[in-house]
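> Okay, here's the prediction I keep looking at, along with the sequence it came from:
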Amino acid sequence: MARSARLESGFQDRLIKRIKALLPECFVFKMDQVQGIPDLLILFGGRWASLECKRSSSAHHRPNQDYYVGVMDMMSFSRFVFPENVDKVLGELYEFMTGYRL
């Protein structure tokens, strides 16, 4: 049974399905709950990305999340993603991973 759509976990489950549909040969890993580390690691070809899922744009950021998303974005690609920006972030992710625009 799918988790509640109102919870971050439900959003995360739907997001993973969308990422796998967008990049069919990718690997998506849910990261351990180390404080601040983004929720998802995406591997595709020779590239990687991380995403921190939030249930809304106004959701609270836990300690170190801004730091790790920033550092990982400098290393590769990392974003906060929530229902209000999911299409934009997935477009940026696709372009970063493939070199093509949606």
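The structure has been received and is ready for your questions.

> Tell me if Asp13 really is in a helix.
Yes - judged by DSSP: H, G, I helix; E, B strand; the rest coil, Asp13 forms part of a helix.

> quick thing: my sequence starts at 42, can you match it?
Renumbered: residue one is now 42, and that last one reads Asp54.

> Quick check: it vs Phe137, distance?
From Asp54 across to Phe137, the span is 23 Å (Cβ to Cβ, to the nearest Å). All C-beta spots, glycine's among them, are computed from the backbone N, C-alpha and C.

> Thought Leu84 was touching Met138, still the case?
No - counting by Cβ atoms under 8 Å, Met138 does not reach Leu84; the two are 9.4 Å apart.

> Which residue of those two possesses the greater neighbour count?
Each of Met138 and Leu84 has its neighbours counted (other Cβ atoms under 10 Å); Met138 has more, 21 against 15.

> which SSE is the more buried one in?
Per DSSP states H and E: Met138 is located in helix 127-139.

> Return the set of buried residues in that helix.
Within helix 127-139, the residues scored as buried using 16 or more other Cβ atoms under 10 Å are 127, 130-131, 133-135, 137-138.
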